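> sequence and predicted model, in that order:
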Amino acid sequence: MEEFDVAILGGGITGLTAAQECAKKGLKTIIIEKNSDLGGLLYSIKSGKSYIEAYYHHFFTNDIFLIDKLKELKLDKKIDWVYASTAFLFDSGIYELSAPQHILFFKPLTIEEKIQFIFLMLKVKLTKNIEELDNIKAKDWIIKNSSKSLYKKMFEPLLKSKFGKKAEEISAAWFVERINLRGERNLKGEKLGYIKGGFKILIDALEKDVKKLNVQIILNASIEKIEKKDIFEIFVNGNIIKTKSIISTIPLHVLKKYCLFDQYFIKKIDKIEYQGSLCILVSLKKKLTKYYWTNIVKKSEIGAIIEHTNFQPKELYDGHLVYIAQYPDNDSPIWQKSEEEIWRIYFSELKRLFPHINDKDVKWYKVFKGFNAGVLYKKGFKKNLLAYDTPLKGLFIGGLFNMYPERSTNLGIKIGKELAEKTYQYLNNKKLSI
Ligand SMILES: Cc1cc2nc3c(=O)[nH]c(=O)nc-3n(C[C@H](O)[C@H](O)[C@H](O)COP(=O)(O)OP(=O)(O)OC[C@H]3O[C@@H](n4cnc5c(N)ncnc54)[C@H](O)[C@@H]3O)c2cc1C
């Protein structure tokens, strides 16, 4: 029976990169993916002349691993750098905050709060003792370094829209590192990158490349269990795949069902809490705002509105494309509702927030429910970050749970490359010790 050097669990950007890098090193590689397509959270649909991601995507000027991968795949000509605009929707109206000078005219804040905001951002830039902040809540740190009123007006709604009920548990280390992660921002705003035609172009190019490198791919895979003897045996779709090593990029609480890990490692895994992401993609005949990204600070079911075609040319797509985004808690009843029910709830909320929109303005919509789409960066998260090694020698892990301080395509590529190198070293050492 055929035997592989490495089996990659999950065909998202991390798994695809790991597969490509392993195959480039001459390893006999197979990808095992549960969906009918590769791409994972970068799943896209066709709209007009382009593809559009199910979940909004862009990148930063300092996303060097992604930019290098695009160069390697000769896709760098497709990179589009755009000064993207950001706004906040308050009860009193909508206000832009794309560039540093906008804070001076930002009406929702008092003069005192504007000064506190500027000092808080300076404090973020100058903070070096990040490890200490891992044990402090972002809420407490923001209030200590600014004021309760600034926290309530700006940061509480932002944290709630990203982390739901768990917002108050998020660590100050994450808050500081997340802000410092951002790329180039100047008086014109923040420069964001996009792949002209959609991130699907990157996924397709990787798929083509791994196929050229003779990587085998199993789609619609249903893994039953993984056993470790002298080599690994993966029981999938009624077959047994034999492999010397495994790279897993799937959620840890799913992996732990397949493998026999010790209690100590299971405890470590259980400290990582995943969260879902709900994106409703709607094609409208009218714009909601003139901005790319609008944070909904006003009390609402909706966390943010992302108007993709205020960022990319509308002519490339079928209509004005808008994401209605929210991160409901894992136990929220919304996950049990049908696509139509979710649409009705969120569209009526959209009409309340933007009364110039009505039913006739909708061309089409799609609801995307992303379970395990991210992790909660709670107090102590950084301390509990997992390494690539596991107690099962030859089984390596990487993915959303060790992307810090934010999940990203860039970190998926970095982690995929590092996992491939780790696996290559492991297999070489094993060969030498025989
Ligand atoms: C709403 C949203 C917005 C985002 N915006 C951005 C952005 O603007 N910029 C950016 O860079 N990043 C963004 N990201 C993050 C980015 O999409 C992820 O960091 C990246 O795609 C993660 O890749 P991955 O391969 O590690 O994980 P995934 O894409 O989740 O891939 C894991 C794969 O494993 C498969 N799998 C799961 N279980 C099994 C199993 N049992 N057996 C086999 N296969 C299995 C899944 O189907 C999936 O294909 C966003 C994510 C979300 C949810």
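Done, it's in.

> the stretch 151-300 of the chain: strands as residue ranges?
185-186, 189-195, 216-218, 223-228, 232-236, 239-248, 274-284, 293-296 (DSSP state E, counting those that start in this stretch).

> which of those strands sits most buried?
For the strands of the stretch 151-300 of the chain, the largest average neighbour count (mean count of other C-beta atoms under 10 Å) is found in strand 293-296, namely a mean of 24. All C-beta atoms are positioned from the backbone trio N, CA, C, and that covers glycine.

> give the pairing partners of the helix or strand that it is followed by; include direction for each.
Next along the chain after strand 293-296, taking DSSP states H and E as the criterion, comes strand 304-307. Strand 304-307 pairs in its sheet with strand 293-296 (antiparallel), strand 320-326 (antiparallel), by DSSP bridges.

> could you list the low-pLDDT ranges of this protein?
Along the chain, the parts satisfying pLDDT under 70 run over 1, 183, 434.

> write out the residues of it neighbouring the ligand.
Applying C-beta under 6 Å from any ligand atom, we find that the chain lies next to the ligand at 9-15, 32-35, 40-42, 55-59, 221, 223, 249-250, 254, 277, 279, 370, 373-374, 399-400, 403, 407-410, 412.

> those residues in strands, which ones?
In strands, judged by DSSP state E, the following of the residues of the chain next to the ligand are found: 9, 32, 59, 223, 277, 279, 370, 373, 374.

> which parts of stretch 333-351 are buried?
Across stretch 333-351, burial judged by 16 or more other C-beta atoms under 10 Å covers 334, 342, 343, 346, 347, 349, 350.

> is it true that the third one touches residue 280?
Same thing as residue 343. Yes: between residue 343 and residue 280 there is a contact under C-beta atoms under 8 Å: 6.5 Å.

> quickly list what's touching both of the two.
Residues touching both residue 343 and residue 280 (C-beta atoms under 8 Å, 6 or more residues apart in numbering) are 365, 367.

> ok, which pair from the ones in strands among the residues of the chain next to the ligand is furthest apart?
Largest separation among these by C-beta to C-beta: 59 and 223, giving 31.1 Å.

> all helices for the chain, in order.
Secondary structure of the chain by DSSP state H: the helices cover 13-24, 64-72, 111-126, 130-133, 138-145, 148-150, 156-163, 172-181, 200-212, 252-258, 263-270, 339-353, 409-433.

> most tightly surrounded among those?
It is helix 13-24: most buried of the helices of the chain by mean count of other C-beta under 10 Å, with a mean of 28.

> quick one: that one to strand 239-248, angle?
100 degrees (axes from the mean of the first three to the mean of the last three C-alpha atoms, to 10 degrees).

> okay if I get the strands of the stretch 151-300 of the chain as a markdown table plus distance to residue 201?
Converted to a markdown table, the strands of the stretch 151-300 of the chain look like this (distance: least, C-beta to C-beta, whole Å):
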| stretch | distance to residue 201 |
| --- | --- |
| strand 185-186 | 27 |
| strand 189-195 | 6 |
| strand 216-218 | 19 |
| strand 223-228 | 29 |
| strand 232-236 | 29 |
| strand 239-248 | 24 |
| strand 274-284 | 18 |
| strand 293-296 | 23 |
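
> residue 175: which of those strands is closest?
With C-beta to C-beta as the criterion, residue 175 lies closest to strand 293-296 of the strands of the stretch 151-300 of the chain, at 15.3 Å.

> which residues does the closest one contact?
Contacts of strand 293-296 (C-beta under 8 Å, 6+ apart): 84-89, 94, 157-158, 161, 288, 302-307, 353.

> go again with 7 Å.
Strand 293-296 is touched from outside by 84, 86-89, 94, 158, 161, 302-306, 353, with contacts defined as C-beta atoms under 7 Å, 6 or more residues apart in numbering.

> then stretch 66-83?
With C-beta under 7 Å, 6+ apart, stretch 66-83 has contacts from 59, 188-197, 201-202, 205, 209, 311, 409-410, 413.

> could you dump that stretch to CSV, C-alpha only?
In CSV, the C-alpha atoms belonging to stretch 66-83 read as follows (Å, rounded to 0.1, in the frame of the first residue of the first chain):
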residue,chain,number,x,y,z
LEU,A,66,1.9,36.8,1.8
ILE,A,67,3.5,39.4,-0.4
ASP,A,68,6.5,37.0,-1.0
LYS,A,69,4.2,34.1,-1.8
LEU,A,70,2.3,36.2,-4.3
LYS,A,71,5.7,37.1,-5.9
GLU,A,72,6.7,33.5,-5.9
LEU,A,73,3.5,32.5,-7.7
LYS,A,74,3.9,35.5,-10.1
LEU,A,75,0.8,37.1,-8.8
ASP,A,76,2.4,40.3,-7.4
LYS,A,77,1.0,42.3,-10.4
LYS,A,78,-2.4,41.6,-9.0
ILE,A,79,-1.7,43.4,-5.7
ASP,A,80,-3.8,46.5,-5.4
TRP,A,81,-2.9,49.0,-2.7
VAL,A,82,-5.7,51.2,-1.6
TYR,A,83,-6.1,53.9,1.1
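
> break this structure into its domains for me.
The chain breaks down by automatic domain parsing into domains covering 3-57+199-273+378-433, 100-187, 274-374.

> show me what contacts residue 301?
Per C-beta under 7 Å, 6+ apart, neighbours of residue 301: 326, 345, 346, 349.

> what is the nearest of these to residue 244?
For these, the nearest to residue 244 is residue 326 (42.9 Å; C-beta to C-beta).

> hang on, the earlier thing: tell me the one of the contacts of residue 301 nearest the ligand?
Lowest distance from the ligand to the contacts of residue 301 (C-beta to the nearest ligand atom) belongs to residue 326, with 9.6 Å.

> my guess is residue 427 meets residue 247, correct?
No: with contacts counted by C-beta atoms under 7 Å, residue 427 stays clear of residue 247, the gap being 11.5 Å.
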